[in-house]
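Colleague: just a sequence and a predicted model for now, questions to come.
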Amino acid sequence: MERIIFTTDSSLVLAELLQGVRHDQLFVVADKHTVGFCDKLLEKVNWMPLNVAVVDCGEENKSLVSVARVWSMLSKRGARRSSILLCVGGGMVTDMGGFAASTFKRGMRCIYVPTTLLAQVDASLGGKTGFNLDGLKNEIGTFSEPERVVIDVSLLQTLPVRERVSGYAEMLKHGLLSDMEYLERLLVCDTNVPEREEFLELIKKSVSVKNDIVTQDPNEKGIRKALNFGHTIGHAIESCSMMRRENMLHGEAIALGIIAELYLSVREKGFPGEVYRRVREFIKRYYPTYPVMEHADTLYELMLHDKKNDRKGVNFTLLEDVGQFSINNYCTKEQITEALNQI
Ligand SMILES: NC(=O)c1ccc[n+]([C@@H]2O[C@H](COP(=O)([O-])OP(=O)(O)OC[C@H]3O[C@@H](n4cnc5c(N)ncnc54)[C@H](O)[C@@H]3O)[C@@H](O)[C@H]2O)c1
Ligand SMILES: O=C(O)C(=O)C[C@@H](O)[C@H](O)[C@H](O)COP(=O)(O)O
Ligand SMILES: [Zn+2]
């Protein structure tokens, strides 16, 4: 956890972390919204606005074009391996910027300042970096941890409610993977008007759930596949929606994936039906739906690209109970279609 710093004064923390880094060796990547945070974040640091790469917002820009923009800026401005790339933004920026850092000159130093709920509780942690290719999620990527992750929940004040609800889906996943007490707290918390202190506690709990799993299996050989719960189907929904140029958010797609994969868990692993129904009801109340049955064949084709798959077929993490997961389960197209029908 030493890598993860919680603070309410991120500009002070950054000034300390960047002490000794020459101003011409500090580089920044942000998107068109989050670049607005840089003046305040770096108010105590001598930095050069020319050393900033600004990419367009949104999942469709988690792309090779954006990565190349970051690489070009680094190269033209004389970045070295010992330079620092500061990634300021949501999961799009930390995944894509982290990838750029992990490959520039085969790896340069990197620090994340996650500015969305989703990035603070999930995307900035654990070292998965990458970008999308031909509509497929994170098709290209590396495992590479930033040196530090600076989590400042005061940065979330400007986050639109829809983005906050999206991030909450990954917290629900963490609740399902950890214990009933945490899941219960999430299910009774109003995602629209969270009470600040309580919300900080929930964020810290999610960070520790993710961190505990990643520490045991950083390269996803085994139990880290638990963190992919909801994603076999969720990523297919997200890709389908991205290819159709709809604007579905990662967490919105994962929430629907959680419904379907919990249903499979009830059917295949005896997950308690009552908990499934409560989680489904919560997701139905707060998240937009998607016409999955209209796209069932496309979704199945997309699932065939899931990174967890091997020759046995489409690979699912399923749950036996809250906090008890089972990895490497293979489901048939018929089982998957029945699960999609529950969304
Ligand atoms: N590496 C991982 O382990 C991991 C985990 C979960 C998700 N992800 C990835 O994360 C991405 C989604 O991340 P996201 O939900 O943060 O989306 P995002 O990075 O696209 O940000 C969402 C929007 O919010 C804006 N924004 C960011 N911070 C803001 C703030 N404080 N105030 C106002 N607006 C703000 C952004 O500019 C953007 O328009 C997906 O690509 C997903 O695959 C990665
Ligand atoms: O950290 C992990 O491991 C996860 O699976 C977390 C997910 O929430 C995240 O969306 C991740 O990027 C998915 O990775 P992928 O390997 O399925 O592309
Ligand atoms: Zn995710």
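Modeller: Cool, the structure landed. Numbers count the residues shown, from 1 in each chain. Ligands and ions are numbered 1, 2, ... in the order given.
Colleague: show me where this structure has its strands.
Modeller: Applying DSSP state E to the chain gives strands spanning 4-6, 26-31, 52-55, 84-89, 109-114, 128-133, 136-143, 148-151, 315-321, 324-330.
Colleague: what residues does the stretch 101-250 of the chain put near ligand 2?
Modeller: Asp122, Gly126, Lys128, Lys137, Asn138, Glu170, Glu220, Arg224, Leu227, Asn228, His231, His235 (Cβ under 6 Å from any ligand atom). Glycine gets a C-beta too; all of them are placed from N, C-alpha and C.
Colleague: of all of the stretch 151-300 of the chain, which residue lies closest to ligand 1?
Modeller: Relative to ligand 1, the nearest point of the stretch 151-300 of the chain is Thr158 (3.6 Å; Cβ to the nearest ligand atom).
Colleague: list the contacts of that residue.
Modeller: Residues near Thr158 by Cβ atoms under 8 Å, 6 or more residues apart in numbering: none.
Colleague: and it, how far from Leu304?
Modeller: Thr158 sits 39 Å away from Leu304, going by Cβ to Cβ, to the nearest Å.
Colleague: still on that earlier bit, mean neighbour count and mean pLDDT added to the strands of the chain, as TSV?
Modeller: Shown next, in TSV, are the strands of the chain (neighbours: other Cβ atoms under 10 Å; pLDDT from 0 to 100):
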stretch	mean neighbour count	mean pLDDT
strand 4-6	18	97
strand 26-31	26	98
strand 52-55	22	98
strand 84-89	28	98
strand 109-114	26	98
strand 128-133	22	98
strand 136-143	17	98
strand 148-151	23	98
strand 315-321	22	98
strand 324-330	16	98
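Colleague: neighbours of the spatially closest residue to Ala260 that is not a sequence neighbour, just the number please.
Modeller: Nearest residue to Ala260, sequence neighbours excluded (Cβ to Cβ, 6 or more residues apart in numbering): Ala339, at 4.1 Å. Neighbourhood size, Ala339 [other Cβ atoms under 10 Å]: 24.
Colleague: and Ala339, what pLDDT?
Modeller: Looking at Ala339, its pLDDT is 98.
Colleague: check Glu197 too.
Modeller: 78.
Colleague: and for the nearest residue to Lys284 once chain neighbours are set aside, the neighbour number?
Modeller: Spatial nearest neighbour of Lys284, chain neighbours left out: Ile259 (7.9 Å); criterion: Cβ to Cβ, 6+ apart. Ile259 has 25 neighbours, counted by other Cβ under 10 Å.
Colleague: could you report the separation of Ile259 from ligand 2?
Modeller: Remark: distance between Ile259 and ligand 2 (Cβ to the nearest ligand atom, to the nearest Å) = 16 Å.
Colleague: which residues touch that residue?
Modeller: Contacts of Ile259 by Cβ under 8 Å, 6+ apart are Val279, Arg280, Ile283, Lys284, Gln342, Ile343.
Colleague: show me which residues of the stretch 1-150 of the chain sit near ligand 1.
Modeller: 31, 33-34, 57-59, 62, 89-93, 95, 115-116, 118-119, 122-123, 126, 128, 137-138.
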